[in-house]
Every structure is written in structure tokens, then in C-alpha cells.
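Enquirer: Model the following, please.
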Amino acid sequence: MARYTGPKTKISRIFGEPILGNGKWLNKNSNPPGQHGASRKRKSLGEYALQLREKQKAKYTYGVLEKQFRKTFEEAARRKGVTGENLIKLLEARLDNTIFRMGIAPSRPAARQLVSHKHITVNGDVVNVPSFQLKAGDVISIKDSSKTRTSVTTPIKGKNPKFSWLDWNETEMQGTFITYPERESVPENIKEQLIVELYSK
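Expert: Now for the predicted structure:
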């Protein structure tokens, strides 16, 4: 499974935001990465650079590589409604992201590992594809044989109440993808309209 495996702090410093991890090093060193980062001023970016930067931020945030991200965008463009909002909805509906949002895993990479190692079921069937697109009403659960494994159950912290489009039952270790979230409910700092403009060129 292709994914970014490089230094997370470097990516966070590029964008000046903790998009990968908790960003604890940003307060200590908020300079751009590289040998001359401290002496180099951040340039004011042009239109294309801003659009590209926003796309890269979305890709790193959700752990999606270029080809898959392009396919997701094309699907968002085919659907009714605002393309940018559809894109965020599709990214949020990925199985790995939903597991992260439900608090089953502490991060999206950890969520991808749970899925790829076959610890997760959707509607009773084991799914090992992190990019699996959930639909309203889908039930996500930890596989019965995995519920006794402390490596799987210990990191579970439960769903954040602000994610109203998800439901999580801690006793049964089971959750429901209720519906696609509205854009204002998604906390990620992504200007999706810039991504639409980039792909529209």
C-alpha cells in the first residue's frame, strides 16, 4: 500500500500547521525546513502555488496519493452539488478516516494499519481496503476475534461529540456512519475551492 513514510514534522513545517501529528515542534521551530530555513523568509505565493499547496495539504492530511486523489476529485465533480464540498465529503467517508474520527485509532496511519491487518468489519464483512467508501447507514465494527487483543482495544478513546455524522457504541465496539458531513462540521483547514480551481485549468 503506497503511502507517505517520510518525516512528519517536515511536512507540518512546510505548511505551518500540524497536519501530520500534534505539531508540538512547530512552537519550537516554525521555520521552513531545509538548511537555510531560519534565514529564508516565506515568499508570498502566486495563484497557482496557492492552489497546488492546498491540494498537497489535503493529500497529506488524508493520506492519499496523487492518482487516488484525482479519482476522488473526478467522482466529486460527477456528483450533484458543490464539487469542493463533495470532495471533502468523499475524503471524510473513507474507511480509514472514519475509524480515526470514531476514536478507534489515534491517527489516520494507525487506522489504515487496523484496516489492512483485517481488524475491521463493515456491515459484518471484513474490509481491508483503507480507501473503502462508506455509505449512510454502514456499520463499522472491530472484528470479534480482535476485540480481545489489547493492541487493538487499548488505543480506543471514543468519538469526539462534535462529529455528529458518526455514532460509536463503546460497549459493543461498533459504530455507524450516519450520513455525509456538512462542510462546516469538518474541522480540517482546507480551502477546497482552490483545489477545484487547480483541477479546472
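
Enquirer: which regions of the chain lie under the pLDDT threshold?
Expert: 1-3, 21-43 (pLDDT under 70).

Enquirer: Quick check: buried residues in the longest helix anywhere in it?
Expert: Of all the segments of type helix in the chain, defined by DSSP state H, the longest one is helix 47-62. Of the residues in helix 47-62, 51, 53, 54, 55, 56, 57, 58, 59, 60, 61, 62 count as buried by neighbour count, 16 or more other CB atoms under 10 Å. C-betas here are computed from N, CA, C, even on glycine.

Enquirer: Restricting to C-alpha, output that helix in CSV.
Expert: Coordinates of each C-alpha in helix 47-62 appear next as CSV, following Å, rounded to 0.1, in the frame of the first residue of the first chain:
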residue,chain,number,x,y,z
GLU,A,47,-2.2,31.9,-7.6
TYR,A,48,-1.0,28.5,-8.9
ALA,A,49,1.3,27.9,-6.0
LEU,A,50,-1.6,28.5,-3.5
GLN,A,51,-3.8,26.1,-5.3
LEU,A,52,-1.1,23.4,-5.5
ARG,A,53,-0.3,23.9,-1.9
GLU,A,54,-3.9,23.4,-0.9
LYS,A,55,-4.1,20.2,-2.9
GLN,A,56,-0.9,18.9,-1.3
LYS,A,57,-2.2,19.8,2.2
ALA,A,58,-5.4,17.8,1.5
LYS,A,59,-3.4,14.8,0.2
TYR,A,60,-1.1,14.7,3.2
THR,A,61,-3.9,15.3,5.7
TYR,A,62,-6.0,12.3,4.4
